[in-house]
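Asks: The following block contains a protein sequence and its predicted model.
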Amino acid sequence: MIRRSKAVHGDVIQIPVDDTFAYVRVVHVSKHFRDVMQLEFRGFAPSYEQLAPTTGIHRPRWTACTGFAKRGWNVVSAGETSSDDGNLTFRIVANELWRCDELVRHATKRDTAEYPLMTVDGFIFLERWFLKQYNGA
């Protein structure tokens, strides 16, 4: 377990869910949208060593990059980055298309159909969402 007060790009975070854990990878920590990170769901497993890659594609999740340890979320690995991470960060914010912390352009109709809206979820909301995914809902 890695102890730090703020998540960084490439961290893998373990989140307690029922009798197992959800694992997410930090794809982006925003400097523009203060204290917000983007998560990529990796799968469920009783331990990080037993984690198999997920087969489903889930929409990116945004949440706070500080304070998660108070909920029992733990950083279990660091430095898992990909050269494609920047492309995972395309999203719509206030009718604008963003990539990482850069405004790309005013969002077109095609952009709004293709890219997700950036909504920042609270920790408890995410825990409930992971529980629903785990239970097959």
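Replies: Yep, it's here. Numbering: from 1, shown residues only.
Asks: all contacts plus neighbour counts: C-alpha atoms, from now on.
Replies: Fine.
Asks: neighbours of the spatially closest residue to F33 that is not a sequence neighbour, just the number please.
Replies: Using C-alpha to C-alpha, 6 or more residues apart in numbering and skipping residues adjacent in sequence, the residue nearest F33 is D101, 7.9 Å away. By other C-alpha atoms under 10 Å, 15 other residues sit near D101.
Asks: How much space separates D101 from H32?
Replies: 6 Å (C-alpha to C-alpha, to the nearest Å).
Asks: surely the residue nearest to F33 meets S30?
Replies: Yes - between D101 and S30 there is a contact under C-alpha atoms under 8 Å: 6.2 Å.
Asks: Identify each buried residue in the least confident helix or strand in the chain by mean pLDDT, please.
Replies: Within the chain, no helix or strand scores below helix 85-88, which has a mean of 90 by mean pLDDT, DSSP states H and E. For helix 85-88, a neighbour-count test (16 or more other C-alpha atoms under 10 Å) marks D85, L88 as buried.
Asks: could you say what helices and strands the next helix or strand after it packs with?
Replies: Next in sequence after helix 85-88, counting helices and strands by DSSP states H and E, comes strand 91-93. When contacts are defined as 3 or more C-alpha pairs under 8 Å, 6 or more residues apart in numbering; DSSP states H and E, strand 91-93 packs onto strand 96-99.
Asks: re the thing from before, packing partners for the least confident helix or strand of the chain?
Replies: Under the contact rule (3+ C-alpha pairs under 8 Å, 6+ apart), helix 85-88 is packed against strand 20-29.
Asks: now whatever helix or strand comes next after the strand it packs on, how far from the centre of its chain.
Replies: Next in sequence after strand 20-29, counting helices and strands by DSSP H and E, comes strand 36-45. Offset of strand 36-45 from its chain centre (C-alpha atoms, centre = their mean, to the nearest Å): 4 Å.
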